[in-house]
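# following is a predicted model, sequence given first.
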Amino acid sequence: MKRLILVSVILNAFITPFVFAADIDGEIVWSQRVELSTTVSGIVDEVLVNAGDKVEKNDVLLHLQSDRFNAALTSATAIKKDAKYKLKEAEREWDRAQELYERTVLSDSDLQLAENLLVAAQAVFAKAKSQYINAKRDVVESVIRAPFAAVVLQRDAQPGQVVVTRMHSVPLITIAATGNYHASGAVLAAVAGKLVSGQAISVTVSGKRFDGKLVSIGFEPIKNTQTYSVVVSFVTDGSLLRSGQSATIHLP
């Protein structure tokens, strides 16, 4: 009897991993898909990419005509410099007024006047500094740069196009990340219950196998089915994949 129990335990040790291991069909989905635009209105000067182009992080994709933004920054810089000079002058006058007041050679009204001039100079400088920061930001945000390594999915901008962002953002370029992908599949509730977010799961695409990890397990069934979605995140060896491409998810 003991021998039968021992044999049963040994067989279970070898059989169990194969019983629960399974391959399921899946498809590639973008891990990051972003519609890019400018936060400022203007006229498109140049578009440097087309659909299908591969770009690296911080590559310039598009920029608006810069004359107006540069002129505003130059003006704001000069105004800020003048306001800073006048603030320093007001601070010196305030220090001088306090010294004279302590020596009882300055009246209360003259001291109050010096304080008023200082407060006014501080307000003017604060406003000038804010205008300078906004003008500098507008110069930066009139240029669209890639936020990460990506492939260009769609180009909706042309040179000369007027971009108005007052009411809402206008998508100009759509990109998807190429460094990281997701593989999406579906499993029955019994299988989903055995999975744990973060566990190692590999994915095969076009004959290449990639190591990944489980990032999402559905808790509501996929519409009109009795299955639940699972999503695996993985990094390729530089291979460029397409959304909707077939994949095999190797469950543990």
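Thanks, I have it.

# from here on, just use CA atoms for contacts and neighbour counts.
Noted.

# show the contacting residues for Met108.
Just to correct that, residue 108 is Asp rather than Met. Tyr101 (Cα atoms under 8 Å, 6 or more residues apart in numbering).

# any weak-confidence spans in this structure?
Counting by pLDDT under 70, the chain shows low-confidence ranges at 1-21.

# all strands of it, in order?
22-30, 33-36, 42-47, 54-55, 60-64, 143-145, 150-155, 162-163, 173-177, 181-188, 200-205, 208-217, 227-234, 246-251 (DSSP state E).

# out of those strands, which gets nearest to Ala114?
Ala114 sits nearest to strand 42-47 of all the strands of the chain, at 43.8 Å, using Cα to Cα.

# partner strands of that closest one and their direction?
The pairing partners recorded for strand 42-47 under DSSP bridges are strand 60-64 (antiparallel), strand 162-163 (antiparallel).

# how far off centre is the longest helix along the chain?
For the chain, the longest helix by residue count, based on DSSP state H, is helix 67-102. Relative to the mean C-alpha coordinate of its chain, helix 67-102 is positioned 37 Å out (Cα atoms, centre = their mean, to the nearest Å).

# mind listing what's buried along it?
69, 72-73, 76-77, 79-81, 83-84, 86-87, 90-91, 93-94, 97-98 (16 or more other Cα atoms under 10 Å).

# now stretch 53-70
Neighbour-count burial for stretch 53-70 [16+ other Cα under 10 Å]: 54-55, 60-66, 69.

# any idea how far apart the tips of that stretch sit?
Terminal residues of stretch 53-70 are spaced 29 Å apart (Cα to Cα, to the nearest Å).

# for Lys127, grab the count of nearby residues.
Lys127 has 15 neighbouring residues, counting by other Cα atoms under 10 Å.

# so that it lines up with my notes, have the first residue be 29 from now on.
Fine by me, first position is 29 from now on; the one you just mentioned is Lys155.

# just read off the phi/psi values of the most centrally placed residue in the chain.
For the chain, Pro175 is the residue whose C-alpha lies nearest the centre (Cα atoms, centre = their mean; 6.3 Å). Pro175 adopts backbone torsions of phi -80, psi -10, taken as degrees, to the nearest 10.

# perfect, that will be all.
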